[in-house]
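Participant: how would this look folded up:
(2 chains)
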Number of protein chains: 2
Amino acid sequence: MAEARPSEFELIKRYFAPLASDPGSVGLTDDAAVITPRDGHDLVLTKDVLAADIHFFANDAPEAIAAKALRVNLSDLAAKGATPRGYLLGLALPSNWTADWLERFCNALAADQTAYDIKLLGGDTIRSGNGLQVSITAIGELPTGRTVRRSGAKAGDVVFVSGTIGDAAAGLKARLDSGFAAKHNLTAEHEAYILDRYLLPRPRTRLASALQTRASASMDVSDGLLSDCGHMARASNMDFTLELDRIPLSPALLQLKSACQQEYIQCINGGDDYEILATVPADHAEEFLDSASSLNCPVTRIGCVASGSGDVHLNNHGDPVAMSPDDGFRHF
Amino acid sequence: MAEARPSEFELIKRYFAPLASDPGSVGLTDDAAVITPRDGHDLVLTKDVLAADIHFFANDAPEAIAAKALRVNLSDLAAKGATPRGYLLGLALPSNWTADWLERFCNALAADQTAYDIKLLGGDTIRSGNGLQVSITAIGELPTGRTVRRSGAKAGDVVFVSGTIGDAAAGLKARLDSGFAAKHNLTAEHEAYILDRYLLPRPRTRLASALQTRASASMDVSDGLLSDCGHMARASNMDFTLELDRIPLSPALLQLKSACQQEYIQCINGGDDYEILATVPADHAEEFLDSASSLNCPVTRIGCVASGSGDVHLNNHGDPVAMSPDDGFRHF
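Facilitator: Next up is the predicted model:
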């Protein structure tokens, strides 16, 4: 761009300070933010780093990159049962950034701040020798001691998952192969749906309160449903049995399943779903279903927990099937 | 390296979990950490992102990179008067990382965790398309409402700075030009001293308690002494007058000053000092000096604050001199 490069102070004033309306951020005019949980509450902290051409495409719209970077963190907070409070933004800008790009990026953050009731607290902006990197630390709040861990699943619990599974992974396949949709008889509407689900996670923040009161264990599905079930099973030292045929699928994934079993299997363990995987004691399962439904965030019963040593067993229409729980999408 | 690349889970278990002994981090086995300030305390959060060949040299020892990344954040906490509690680590590893490199990096973090009484709470590790980036969010604690801001300087306050100024900037010059020391008649001891001061910040964490009880405003010197004075003067809407001849100098910088006025001036506003710049009401100045001395973290009186509109005036041996307060080292 022709105009002179603004200093970091000018960047803060122009782009970031308008996002920082929490008093603890003092308008980003200081070196640190101050935050205090409400009486009787804990703070929950999570951090995700996203890099161009690993977690998003460098030519994705800046709005989508901003939303994804913030939302993957909000998904972690929701899974722990926490309500968003604030976030710190680390931005490594490539040398070819433009004012227009940054304005669109920040406008998208502003829109998500309103949608998810969270505010910018602080951060750091640097030049990146190469691609864009976005590092966000998000902070949530919940009543003291009520954080929902991965490790709390107990024998007899019911396994639930929110939303539908596999759409984002299918969307990535469609993004990488323009013939993917046609090959598997997906409609234009199916294709648009999965592409959007890859681009824009929908963190299930509305489910946080129900998780906090009902769930024995919870995490978000980011590595892949089976992989993440494996993580939860090992953390809880319990065996999980999942009913493959009960995994909730969108119309697009139902079509993919009927067109190509292999692609469907890859997608349901493909990752980037940002849905909630939770276990709930059997005698709370109906209440959890009802709560989730009334929160407009439906969940589906997909399995059960039994004493064991951290294994995941799979059934399909009642018959055991074999599949590696580690066959997931690895971000690293 | 010949061995197979470990997964992120293996990395966490092998390298990072041993750093995470705080119960709130649950050994990094979950997606989020939990932290609660002690009763009557606030949390202070700061975030700095460091990139190879911008904030450090890619071929610096991993121990030095780890220490710098953590310490620049500890310096911010100290300046706010806060005691370190924990940190989240975002690590973007270049494709040619080795197990040996990461082990040395983590060992250095472990050493600094002991030295500064801080623990790893969580984080994220990704592949970096190119150079190494380290993004740290550090969390400190202090009594509610006691955070020391940049904006609190008042007319009549005394301006103090800790340690000595300009060494890191001179160290960077020596690092970039192997003839720098000889050109300015610096001894081998001088050269080693400034190289080390560039490589390894010494965050003034011991000064936090004295700042919390005595200082009206405080920040760390990272952009350059005059630039940072300008930031504090504008945030406080006060004029600062600094006595250039009172700026504390190491033997190496005293030699540089006598050898080359221009290099010396560049260095005292060169940045990366990670010393504390603070203002203290005149009637607490002696107590602050005494406290700092007893904390083994000496401070020097370098100027005063007067009513004004955010300007920095400079005197040298009593005579006004001109210099742009914005002539500092810019990280961006």
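Participant: not counting its neighbours along the chain, what's nearest the residue positioned nearest the centre of chain A?
Facilitator: The C-alpha lying nearest the average C-alpha coordinate of chain A belongs to A:Y274 (C-alpha atoms, centre = their mean; 3.3 Å). Once flanking residues are discounted, A:Y274 sits nearest to A:P201: 3.8 Å by C-beta to C-beta, 6 or more residues apart in numbering or on different chains. C-betas here are computed from N, CA, C, even on glycine.
Participant: hang on, the earlier thing: how much space is there between the residue nearest to the centre of chain A and chain B?
Facilitator: Distance, A:Y274 to chain B, by C-beta to the nearest C-beta, to the nearest Å: 12 Å.
Participant: likewise A:E189?
Facilitator: If you go by C-beta to the nearest C-beta, the gap between A:E189 and chain B works out to 33 Å.
Participant: which element is that residue on?
Facilitator: helix A:188-199 (DSSP states H and E).
Participant: can you list the neighbours in contact with that helix?
Facilitator: A:60, A:64, A:68, A:167-172, A:174-175, A:180-181, A:186, A:250-253, A:255, A:272 (C-beta atoms under 8 Å, 6 or more residues apart in numbering or on different chains).
Participant: narrow these to those in helices?
Facilitator: Among the contacts of helix A:188-199, DSSP state H puts A:64, A:68, A:167-172, A:174-175, A:180-181, A:251-253, A:255 in helices.
Participant: the residue nearest to the centre of chain A touches A:V72, doesn't it?
Facilitator: Yes. Assessed by C-beta atoms under 8 Å, A:Y274 is found in contact with A:V72 at 6.5 Å.
Participant: neighbours of A:H184, how many?
Facilitator: Other residues near A:H184 number 21, with proximity taken as other C-beta atoms under 10 Å in any protein chain shown.
Participant: how far away is it from A:A169?
Facilitator: 13 Å (C-beta to C-beta, to the nearest Å).
Participant: ok so, going back, the residue nearest to A:Y274 contacts A:K68, correct?
Facilitator: Yes. Between A:P201 and A:K68 there is a contact under C-beta under 8 Å: 6.1 Å.
Participant: phi, psi for A:T187 please.
Facilitator: Main-chain torsions, A:T187, degrees, to the nearest 10: phi -70, psi 170.
Participant: neighbours around it, how many?
Facilitator: When neighbours are counted by other C-beta under 10 Å, A:T187 comes out with 12.
Participant: ok, back up a step: got a list of what the residue nearest to A:Y274 touches?
Facilitator: Contacts of A:P201 (C-beta under 8 Å, 6+ apart): A:A67, A:K68, A:R71, A:V72, A:S75, A:A168, A:D272, A:Y274.
Participant: the fourth one touches A:S222, doesn't it?
Facilitator: Spelled out, that is A:V72. Yes. The pair A:V72 / A:S222 is scored as a contact, 7.0 Å apart, by C-beta under 8 Å.
Participant: so what sits against both of these two?
Facilitator: Common neighbours of A:V72 and A:S222, using C-beta under 8 Å, 6+ apart, are A:Y274.
Participant: hmm, back to that, check contacts around the residue nearest to the centre of chain A.
Facilitator: A:R71, A:V72, A:S75, A:A168, A:P201, A:R202, A:P203, A:R204, A:D220, A:V221, A:S222.
Participant: separation between it and A:L199?
Facilitator: A:Y274 sits at a distance of 12 Å from A:L199 (criterion: C-beta to C-beta).
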